[in-house]
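Q: Turn this into a structure:
(chains A, B and C)
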Amino acid sequence: MRYVFFSGCVTPQKENAYELSMRKVAEKMGIKLVDLLGANCCGFFMEPVDYLGAVLMGARDLALIDASGCDAITLCPACFGHLTRVRSKLLEDEGLRGRVNKALKEIDKKFEGASQVKHFVSVLVRDVGIEKVKSTVTKPLSRLKVAPHYGCHILKPSDEINLDNPEDPKLLDSLIEATGAKCIDYVEKRLCCGAPVLGVDEKLALSIAREKLKSIQKAGADAIVTVCPLCHVHFDLNQLSMLEKFSEEYNIPVLHYTQLLGLAQGLTLEELGLYENRVPVDKILSNL
Amino acid sequence: MEVKEAKSKIDPKFKFEVARVAGGESIRYCFQCGKCEATCPIRRFEDSYRPAQIIRATLLGLKDMVLDSDMLWLCATCYSCTERCPQGVRFTDIIRAIRNLATEKGKVHPFFKSQSGAIAKFGRIFEDESFLNEMRRELGLPSISVTASRSEIAQILRNTKIETLVKSEEEK
Amino acid sequence: MAEETRVGVYVCHCGQNIAGTVDCKAVSKYAKTLPKVVIARDHKYICSDQGQERIKKDIKKLNLNRVVVAACSPRMHELTFRNVLEETGLNPYLFEMVNIREQCSWVHIGQNEKATEKAKELVRMAVARSQLLAPLEIKEVNALRSVLVIGGGVGGIQAALDLAEQGFKVFLVEKEPTIGGRMAQLDKTFPTMDCSICILAPKMVEAAKHSNITLLTNSEVQDVSGIVGTFHIKVLKKPRFVDEKKCVGCGVCATKCPVKRPNEFDMGLGTRKAIYVPFPQSVPLVYNIEKEHCLYFTQGVCRVCEKFCEANALNFDQKEEAIELDVGAIIVAVGFDPYDPSPLKEYGYGVYKNVITSLEFERLINASGPTEGKLKRLSDGQEPHRIAFIQCVGSRDEKTGHTYCSNICCMAAIKQAVLIKEKHPECEIYIFYDDIRAFGKGFEEFYRRARESWINFVKGIPSETVEDPETKNLTIRAVDLILGKMIELEADLVILSIGLVPPKGLEDLTRILSIPRGPEGFLLEAHPKLRPVDAPTMGVFLAGACQGPKDIPASVAQAKAAASSAAALLSKGKIRVESSVAFVNEDYCIGCRICESLCEYDAIEIKESSTGKPAALVSEVACTGCGVCASACPTKALTLRHFTDQQLLAQVRAAFFEKEGTCVDRPHEAVAESLNEKIPQARSMKDSGED
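A: Numbers count the residues shown, from 1 in each chain, chains lettered A, B, ... in the order given. Purely as a prediction, here's the structure:
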């Protein structure tokens, strides 16, 4: 299984531990990753200002991925969603495809749409398979209670993403259970983390995350697992802002899924970048 | 049909402008059930954010009211509304179209302006990759390289609205 | 027929519909110049009495033997004008209708000159064809004075009663052990608040007792063959293991039976025994054993029911019965199923105990239901104090695929809310809606009565319900669009107003009866406005919710309409069937069987012909004249009367080549030839393998 790795912007800027733990886990699973050189921002954050610009940005990345000859793996669901949607749109809209390829021609590139962009988690479930994931677990985390946070872009819009049922998602649940940990259900499981509005109204974004943290705390989870680097930043780093803005402390460690899986695979804290996590992970480590 | 001038003028062509931007066409199917607002996580915590109202105002043609409004920039693009709408109104795509039109009018929220501007100029949301690469090297991760591609990116973004926006900022 | 062809052409203005674009006078003038045309007129409304009289007069005075009318679509008035010809003694198939409205004036608005030229060409083509038209035999088949009614709900029962009263023999086939259908499950009916079973039961009893009605319950139609007037039906009657003639319905067997099962009639909320009647007023009041859960059938023990039955009615050896019936017409009234909202995970149906469907609620509130009519919620048996209704669940929804409005849910919810308020005035009720559709007689007044009772109507469909793990109460999240505020309401009980969907098993029935279904899955009527109770197949009629969601008065009206239509069809003892049917020239038939395999109506059989070799034989009464066989026949042995190649090719020649008009010499020979066409290049059996 060979994939090209699309890093996106948030992961290298703020969540290198996610990439680090993913690479280590990929190694264990026999997933070979090739670096994608010269990739640009997928363009998702440009959509509100200029949709065509966002499509062009995405198209350049898709052209690079096509040229690599492999499918791409990404860690950011927003990149995954945006590139998947741009690819579908370009495949079905001949006029737009022509326009985009005309612009790409000037930089010696072409969009063909041969390669797909996949999120790492979907590769684990679909390409690798849960059974294989389970087989790589040497230290089942049987005493750990984990609350899954799916976030939004890995599930919706379901008719374009086609990964899981957003009303009753089970993908991450099964991945968590594959590590031996107990997956905790909580009332606000479906709720967005609120991170996208940080730049516009920070307090609002924090209020939403707070609602999730309260619900997760009430359900008695030891840790939260995320699949999106931005969700992770918001729950992890911004959990400290909770103290500041609302005088509330939750102290719930937030792990990337790859960090959770890595722990179950016997990888070290250093290999998994667990020292990078802002909310200290110590208390769950004793519980392993 | 003679329509009395309301506080905002009614522009029956506005909805067609929105429908023309990719993704905006489904706005016409709305039958005002309110499920989008009932689902929206932002609306739940922020009473002034009204997706159903945005659709209503757009369909009615209250162009200035819509394009000038602050609440346009509160959408988290979580797609929950699109997921739940029984009539297939893709609100997330519609508000994207409206945001694009607002930007053209000069009414873009500063955060989005600066973020998009950075992406257009630097190819990624961050400018300086050398600092990042130092951090990455310590963790044993390969380097990021996008500086070399910046001219390519500038090239493909030629004659787009983002280029215009960035240029107008630089002129200031 | 050694006479000269004399054609009359009539160009209709249809008010301004045609004349507004096509110059009808010019077209009629042009028609007069065509060969064989004796008279050509234009007329404002040729379909009117006046217009028809004009044609009749001309036929008589001018000895016309062909008539061409250039007007609207043949679907509108072909029959009208064929009748005109018949009334003058001419064969109705010597008539040709040209569509210069839907296919000319209506689609070329603003292009008057071109439209007029086109109309002229179309008339020229029609006149050419008319010269090759042959008189066809008017066929009639026998019509039995009996009707099969499939489905014993209120619609089926009403249709059966109406027909029985007129002296027709009716077979009422119902798959459940009792008739009554969905109406029997309702507590009260809107807007009158009549007790549903109270008004239905007398009809049920009447249907069972009527001398002209044979009730076949626990039965399903397996096969339908034959044609209108003489349908042959195969029905399978499933065994009840109780003798219908002996059982008195005392119910002692059920009190002794040790097996408890969920009661389907109560939507699974209550229980019944393995030997049961669906509800106390069942007709026939005969007990049934559910074989799959009876201890005798599964484990070979028990038979306690038999020990206590004083009527000696138990019969464990009862076999299924194959019944064959011959009827003249069929009425389909198989009703609907309620939508199952389990896929809508956001509402929690099937997960949260206090989220129920409107039909489940109907059973709860009914005095013979699982709680004896006491308002109790399922999680703890407590009385709810705040009840929320969510409207349009599953309906009007592109995502669930049921894009239509289910017609009754607004009124059903209002009825249920009013019912609750009557018994529990202090109970708070909220109905979350998108629209309130109170369209029928007395409906709007009933809606007012609901508001009078302080029932709250909130415009805004809720996005989800969230259960409180301790109290099992539900929090409903909705936006009151008029207020512009988000509402989070805690309710004890949530009732989902679910929609109506086509009933399970409808697909099998549509196959057996060859009835098409509409895009939403309900049975398709012949014409949505003008023929709402006719199926496209002659002799088959539709009634009730199986044709589309509707309430009781509408179902009853349709049932009466279907009964009346069936009676009209069968009353004369004979039915006219299609004359434009397929015809085989045995000389050219090679017995390849392509036609037999393609015929949807089983009208073609390969049999030994008069010359001894196998050839296709068309049953002219079964044939509907669809033409598929004739177009597929590789040797052109099959022709469709009234649509022969020669007739159609004459139209083509008139359109492109013979622009001065077509004159068919020796028309009667040409016509005869058109029925026994020779292949342009004869292909021998040897050549057929080439290329």
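Q: what residue ranges in the chain score low on pLDDT?
A: No chain was given, so I picked chain A. A:288 (pLDDT under 70).
Q: look at chain C instead
A: Confidence mapping of chain C against pLDDT under 70 gives the ranges C:1-2, C:665-691.
Q: That one against chain B: which residues are in contact?
A: Applying C-beta under 8 Å from any C-beta of the partner chain, we find that chain C lies next to chain B at C:346, C:392, C:396-400, C:434-435, C:459-464, C:477-481, C:484-486. C-beta: built from backbone N, CA, C; applies to glycine.
Q: I'd like the distance between the residue of the stretch 1-150 of chain A found nearest chain C and A:Ile184.
A: Proximity to chain C, evaluated over the stretch 1-150 of chain A using C-beta to the nearest C-beta, is greatest for A:Tyr150 at 13.9 Å. According to C-beta to C-beta, to the nearest Å, A:Tyr150 stands 13 Å off from A:Ile184.
Q: if we can go back for a sec, burial measure for the residue of the stretch 1-150 of chain A closest to chain C, as a count.
A: Look at A:Tyr150: counted by other C-beta atoms under 10 Å in any protein chain shown, it has 28 neighbours.
Q: any idea how far it lies from C:Asn112?
A: Separation of A:Tyr150 from C:Asn112 (C-beta to C-beta): 64 Å.
Q: Kindly report the same for C:Ala201.
A: C:Ala201 sits at a distance of 65 Å from C:Asn112 (criterion: C-beta to C-beta).
Q: More neighbours: which of those two?
A: Between C:Ala201 and C:Asn112, counted using other C-beta under 10 Å, C:Ala201 has the larger neighbour count: 17 against 14.
Q: count of residues packed around the residue of the stretch 1-150 of chain C found nearest chain B?
A: Nearest residue of the stretch 1-150 of chain C to chain B (C-beta to the nearest C-beta) works out as C:Ile109 at 23.7 Å. Around C:Ile109 there are 10 other residues, counting by other C-beta under 10 Å.
Q: Quick one: residues contacting it.
A: Contact analysis of C:Ile109 by C-beta atoms under 8 Å, 6 or more residues apart in numbering or on different chains lists C:20-21.
Q: Does it belong to a helix, a strand or coil?
A: State at C:Ile109, reduced to three classes by DSSP: H, G, I helix; E, B strand; the rest coil: coil.
Q: now the one 10 residues further on
A: When classified by three-state DSSP, C:Ala119 comes out as helix.
Q: is it true that C:Ala367 touches C:Gly373?
A: Yes. At 3.9 Å, C:Ala367 and C:Gly373 qualify as touching, with contact defined as C-beta atoms under 8 Å.
Q: C:Glu600 and C:Cys626, how far apart?
A: In terms of C-beta to C-beta, C:Glu600 sits 7 Å off from C:Cys626.
Q: Looking at the two, which is more packed in?
A: C:Cys626 (18 against 10).
Q: what's the domain layout of chain C?
A: Following the assignment in automatic domain parsing, chain C carries domains at C:7-138, C:139-238+C:320-334+C:512-577, C:239-318, C:337-501, C:582-689.
Q: Quick check: end-to-end length of the fourth one?
A: Put plainly, it is domain C:337-501. Counting by C-alpha to C-alpha, to the nearest Å, you get 5 Å between the two ends of domain C:337-501.
Q: just how off-centre is it within its chain?
A: Taking C-alpha atoms, centre = their mean, to the nearest Å, one finds domain C:337-501 lying 31 Å from the centre of the chain it belongs to.
Q: same deal with the shortest one?
A: Using C-alpha atoms, centre = their mean, the mean C-alpha position of domain C:239-318 is found 35 Å from that of the whole chain.
Q: ok, now stretch C:135-152?
A: Its chain's average C-alpha position is 17 Å from that of stretch C:135-152, according to C-alpha atoms, centre = their mean.
Q: Repeat that for stretch C:537-549.
A: Using C-alpha atoms, centre = their mean, the offset of stretch C:537-549 from its chain centre is 3 Å.
Q: roughly how far apart are the residue nearest to C:Ser453 when sequence neighbours are not counted and C:Val355?
A: Leaving aside its sequence neighbours, C:Ser453 sits nearest to C:Lys421 (C-beta to C-beta, 6 or more residues apart in numbering or on different chains; 4.5 Å). In this view, C:Lys421 and C:Val355 are 21 Å apart by C-beta to C-beta.
Q: Of these two, which one has the most company?
A: Taking neighbours as other C-beta under 10 Å, C:Lys421 and C:Val355 compare with C:Val355 leading, 25 against 19.
Q: Tell me what the more buried one is bridged to.
A: Note on C:Val355: beta-bridge partners C:Val494, judged by DSSP bridges.
Q: Make sure it is actually in contact with C:Ala491.
A: No. Using C-beta under 8 Å, C:Val355 is not in contact with C:Ala491, being 9.6 Å away.
Q: So for those two, which residues contact both of them?
A: Contacts common to C:Val355 and C:Ala491, judged by C-beta under 8 Å, 6+ apart, are C:Leu474.
Q: Let me know the helix or strand that residue 203 is in.
A: Here I'm looking at chain A. Here A:Lys203 sits within helix A:202-218, counting by DSSP states H and E.
Q: try chain C instead
A: If you go by DSSP H and E, C:Lys203 is part of helix C:196-209.
Q: separation between the residue lying closest to C:Lys139 once chain neighbours are set aside and C:Leu136?
A: Distance criterion C-beta to C-beta, 6+ apart; nearest residue to C:Lys139, sequence neighbours excluded, is C:Val577 at 5.1 Å. As judged by C-beta to C-beta, C:Val577 and C:Leu136 stand 12 Å apart.
Q: Those two: which has the busier surroundings?
A: C:Val577 (21 against 17).
Q: I figured that one hits C:Met538, correct?
A: Yes. With contact defined as C-beta under 8 Å, C:Val577 counts as touching C:Met538 (7.3 Å).
Q: list the residues that contact both of those two?
A: Residues touching both C:Val577 and C:Met538 by C-beta under 8 Å, 6+ apart: C:227-228.
Q: Which residues are in contact with C:Pro343?
A: Going by C-beta under 8 Å, 6+ apart, C:Pro343 touches C:Thr400.
Q: again with the one 10 residues further on
A: Contact criterion C-beta under 8 Å, 6+ apart gives C:377-379, C:472 as the residues in contact with C:Lys353.
Q: What distance do you get for it to chain A?
A: Going from C:Lys353 to chain A by C-beta to the nearest C-beta, to the nearest Å gives 17 Å.
Q: Report the contact partners of C:Ala582.
A: Listed by C-beta under 8 Å, 6+ apart, the contact set of C:Ala582 reads C:595, C:603-604, C:618, C:620, C:623, C:625, C:627, C:629-630, C:638-641.
Q: And the residue in chain C that chain A sits nearest to, how far from C:Phe361?
A: Chain C approaches chain A most closely through C:Lys345 (3.8 Å), counting by C-beta to the nearest C-beta. The gap separating C:Lys345 from C:Phe361 is 21 Å, by C-beta to C-beta.
Q: who's more crowded, these two?
A: Per other C-beta under 10 Å, whichever of C:Lys345 and C:Phe361 has more neighbours is C:Phe361, with 26 against 17.
Q: Could you report the neighbour count for residue 63?
A: Because you didn't say which chain, this covers chain A. That count, for A:Ala63 with other C-beta under 10 Å as the rule, works out to 22.
Q: wrong one, chain B
A: Counted with other C-beta under 10 Å, B:Lys63 comes out at 23.
Q: Can you read off the pLDDT for it?
A: With respect to pLDDT, B:Lys63 scores 93.
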